[in-house]
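K.L.:
Got a predicted structure here, sequence first:
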Amino acid sequence: MSASPSRVTRHCLVVGGTVLLVLCGVLMWRLMPFVSPAPSGSVTFSTGVPSGVYQRYGDLLKQDLAQDLPDVSITLQKSEGSQQNLARVATGKADFTIATADAVAQYQRERRPGFERLRGCARLYDDYVQLVVRKGSSLQRVQDLRGLRVGVGQDGSGVRLIADRVLAAAGLTPDRDVVPVPVGIDTMPELLERGELDAFFWSGGLPTQAVQLLSERFPIRLLPLDTALVDQLHDVGESTRHYRSAVIPADAYAKAQDGLQIATLAVANLLVTTDKADDDLVEGFTRTVIASRDRIGSKVHPAQLVDLRTAVYTEPLTLHDGSRRYYRSVKP
């Protein structure tokens, strides 16, 4: 017995409809852009001392990340600075951080744990070395610090690294020719004000709030670090080539500078992660860093200097694939 025409017709329609749906699904899959799932999970961002730029920047960036990456929980972890930050990220104790290029180069040169895993996300802003003394002091140059009590930054900080190098470039042995006081920017201004320090080093964005507040309540000035000193630093080796000659603008600390620019040296800050960080997460993180420049910069002035045109240059670190994907997406 043959099937009735109506049954054959219905069967054909069902088969044909199924095939059509499958073909439409395949076509839509081929034509629609692939959309990655939104990043999620928990990450730790190692920052800096409470009154430093790293910590203030991290606090504000966390707010923007909460809006842009709502499924990612950000925990800020205070630190002593660049060297400790790098050690945390490289060994998996933190996921993102900020560190100076010279500290990165030193970490790599010493082949410290996890150095080969470090990757760059963005070049942020420059740190400027600031050597602060009392305004009435007779000190005129770094060499005059011999025998004096000098705040050199906490152990593990980028300040300590650069203070030791500047002293050495000036012909002073840091642990012998000065009395090094290993404290941070949250403590040094008060110690100088109380007469317990003769000078202190700081390396940070301009203006640094702690130095600004000190200048408004206590007479201070900045000692110059001239080009010859920078040249001597460059002679030390590969990890010091990231320093450049710079000037502190006359209006950075108006009461401390009396309308004068101050010669100094500068070094770039980098946003750092590792090769194990998820590409989508890093892309989103990088996007927020660039997009939040103006909002954060209105409260933390150095953030105004984050620039899409230079952010991609994260030397001495290789750029993370997620960040590279972001920069390619916004390339004109």
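P.N.:
Yep, that arrived. Numbers count the residues shown, from 1 in each chain.

K.L.:
where along the chain do the helices fall?
P.N.:
5-31, 53-68, 82-90, 101-109, 158-169, 188-193, 209-217, 227-234, 254-257, 279-291, 293-297, 308-311, 321-329 (DSSP state H).

K.L.:
Direction-wise, compare the last one with helix 279-291 and give the angle.
P.N.:
Computed with axes from the mean of the first three to the mean of the last three C-alpha atoms, to 10 degrees, the direction of helix 321-329 lies at 50 degrees from that of helix 279-291.

K.L.:
can you give me how far helix 321-329 is from the chain middle?
P.N.:
Between the centre of helix 321-329 and the centre of its chain there are 18 Å (C-alpha atoms, centre = their mean, to the nearest Å).

K.L.:
which of the residues in that helix are buried?
P.N.:
322-327 (16 or more other C-beta atoms under 10 Å). All C-beta atoms are positioned from the backbone trio N, CA, C, and that covers glycine.

K.L.:
And stretch 72-92, end to end?
P.N.:
End-to-end distance for stretch 72-92, by C-alpha to C-alpha, to the nearest Å: 17 Å.

K.L.:
Just grab the bridge partners of the residue most central in space within the chain for me.
P.N.:
Against the mean C-alpha coordinate of the chain, by C-alpha atoms, centre = their mean, the closest residue is I98 at 2.8 Å. Per DSSP bridges, the residues bridged to I98 are L271.

K.L.:
And it, how close does it get to H242?
P.N.:
Computed as C-beta to C-beta, to the nearest Å, the I98 to H242 distance reads 15 Å.

K.L.:
do R176 as well
P.N.:
For R176, the distance to H242 - C-beta to C-beta - is 27 Å.

K.L.:
Between those two, which has more neighbouring residues?
P.N.:
The neighbour comparison of R176 against H242 (other C-beta atoms under 10 Å) goes to H242, with 22 against 9.

K.L.:
How about the more buried one, nearest residue that isn't a chain neighbour?
P.N.:
Leaving aside its chain neighbours, H242 sits nearest to A101 (4.1 Å; criterion: C-beta to C-beta, 6 or more residues apart in numbering).

K.L.:
before we move on, what about L214?
P.N.:
Using C-beta to C-beta, 6+ apart, the closest residue to L214 is P189 (4.0 Å).

K.L.:
Quick check: the gap between the one you found and R293.
P.N.:
Taken as C-beta to C-beta, the span from P189 to R293 is 28 Å.

K.L.:
got it, and R134?
P.N.:
Distance from R134 to R293, by C-beta to C-beta: 36 Å.

K.L.:
now D251
P.N.:
21 Å.

K.L.:
who's more crowded, these two?
P.N.:
For D251 versus R293, the count of surrounding residues by other C-beta under 10 Å is larger for R293: 18 against 11.

K.L.:
which residues sit in contact with the closest residue to R88 other than its chain neighbours?
P.N.:
Closest residue to R88 apart from its sequence neighbours, by C-beta to C-beta, 6+ apart: A94 at 4.0 Å. Contacts for A94 (C-beta atoms under 8 Å, 6 or more residues apart in numbering) come out as 44-46, 77, 85, 88.

K.L.:
Make JSON lines from those and add pLDDT and distance to E196 to it.
P.N.:
Compiled in JSON lines, the contacts of A94 are given as follows (pLDDT from 0 to 100; distance: C-beta to C-beta, whole Å):
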{"residue": "T44", "pLDDT": "98", "distance to E196": "34"}
{"residue": "F45", "pLDDT": "98", "distance to E196": "33"}
{"residue": "S46", "pLDDT": "98", "distance to E196": "29"}
{"residue": "Q77", "pLDDT": "97", "distance to E196": "29"}
{"residue": "N85", "pLDDT": "97", "distance to E196": "28"}
{"residue": "R88", "pLDDT": "98", "distance to E196": "31"}
